[in-house]
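**Student:** for reference, the sequence and a predicted model appear below.
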Amino acid sequence: MGRFLLVAAVLLASSACKDKKSEGLPPAQEWSANTNTLPSAPGASPQAGNNPHAKMGAAGDPHAGVDMGAAGGAGGPDPHAGVDMNNPHGGAAGSPDVSKMGLTPPDPNRKIDPNHRVTGTIKPHAKAKDRIAAGGAIFVVVKKAGPDGAPVGPPLAVDRLTWTKDELKFSMTDAQSMIAGTEVSGDVVVTARYDQDSDAISKQPGDVVGTARVKVPADNVNIVLDDILQ
């Protein structure tokens, strides 16, 4: 499933995930090895109220019964009509058409700023490690950080990765943006979600989420998957 579906799911996540709960695993002590990493505001979590991984994945038929029109999923046209969802990186041929969502895609010939990047490693918390299986889907989303440290606004970059064994490298840049005018810059929240059914629309108990708030550019960022959905 391509990044087009991830964008649609993330745009709906804020309103769809207010009831998310976790098992209360202790927060990771080292979110990033980079000095650009910023702490969340006191009493706030980057995951609070805005879980950009809610209803994300990439298998089965995630479109059934779902209307993801421009008006927050209510009453809009079907954004997936005529879209090739088998190209996860939006190549020139068969590239996902975000205009179906009423959005403008980025210029395919745009210059990619090498400083617009967040790179690092995704690791499981010890208490969640047995829940994460090799071959499973990991969805990574970059969004602007709000005043309280929670992710806000449209996704700046999205990607789908495949979990290997003990950890997973990631790199998020402007090349993974699918909406014109968005760029990976400033104060951002990076959220990684291990999704058991690889379905970009659904979420279920046992999916595991981790976040990091950083200042771009940021390298050697550690995202710990420590929040188990109930």
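**Tutor:** Thanks, I have it.

**Student:** switch to C-alpha atoms for all contacts and neighbour counts from now on
**Tutor:** Fine.

**Student:** secondary structure element for residue 104?
**Tutor:** Assigned by DSSP states H and E, residue 104 belongs to no helix or strand.

**Student:** wait, it sits on residue 179?
**Tutor:** Yes: under the criterion of Cα atoms under 8 Å, residue 104 makes contact with residue 179 at 5.8 Å.

**Student:** is it true that residue 140 touches residue 194?
**Tutor:** No: with contacts counted by Cα under 8 Å, residue 140 stays clear of residue 194, the gap being 9.1 Å.

**Student:** where exactly do the strands run in the chain?
**Tutor:** Remark: strands assigned in the chain by DSSP state E are 117-124, 137-145, 151-162, 168-173, 187-195, 208-215, 218-225, 227-228.

**Student:** which helices and strands sit right next to the shortest one?
**Tutor:** When contacts are defined as 3 or more Cα pairs under 8 Å, 6 or more residues apart in numbering; DSSP states H and E, strand 227-228 sits against strand 208-215.

**Student:** rewinding a little: more crowded one of residue 104 and residue 179?
**Tutor:** Neighbour totals were compared for residue 104 and residue 179, and residue 179 leads with 21 against 14 (other Cα atoms under 10 Å).

**Student:** ok, so what distance separates the more buried one from residue 190?
**Tutor:** 17 Å (Cα to Cα, to the nearest Å).

**Student:** what do you get for residue 203?
**Tutor:** From residue 203 to residue 190 the distance is 18 Å (Cα to Cα).

**Student:** relative to residue 99, which of the strands of the chain is closest?
**Tutor:** Each of the strands of the chain has some distance to residue 99 by Cα to Cα; the shortest is strand 151-162, at 14.7 Å.

**Student:** direction included, what does the closest one pair up with?
**Tutor:** Strand 151-162 sits in its sheet next to strand 137-145 (antiparallel), going by DSSP bridges.

**Student:** relative to strand 117-124, how tilted is the partner strand?
**Tutor:** Between strand 137-145 and strand 117-124, the angle comes out at 130 degrees (axes from the mean of the first three to the mean of the last three Cα atoms, to 10 degrees).

**Student:** strand 137-145 - what's its average pLDDT?
**Tutor:** Averaged across strand 137-145, pLDDT comes to 96.

**Student:** alpha carbons of that strand, in CSV - could you do that?
**Tutor:** Extracted in CSV, the C-alpha atoms of strand 137-145 (Å, rounded to 0.1, in the frame of the first residue of the first chain):
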residue,chain,number,x,y,z
ALA,A,137,4.5,-3.2,8.8
ILE,A,138,6.0,-0.1,10.4
PHE,A,139,4.4,3.2,9.4
VAL,A,140,6.4,6.4,9.9
VAL,A,141,4.9,9.8,9.9
VAL,A,142,6.4,13.3,10.4
LYS,A,143,4.2,16.2,11.4
LYS,A,144,4.8,19.6,12.9
ALA,A,145,5.0,19.8,16.7
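
**Student:** now the angle between strand 208-215 and it, please.
**Tutor:** Between strand 137-145 and strand 208-215, the angle comes out at 40 degrees (the same axes, to 10 degrees).

**Student:** list the contacts of strand 137-145.
**Tutor:** 6, 46, 52-53, 56-58, 151-163, 172, 184, 186-198, 213 (Cα atoms under 8 Å, 6 or more residues apart in numbering).
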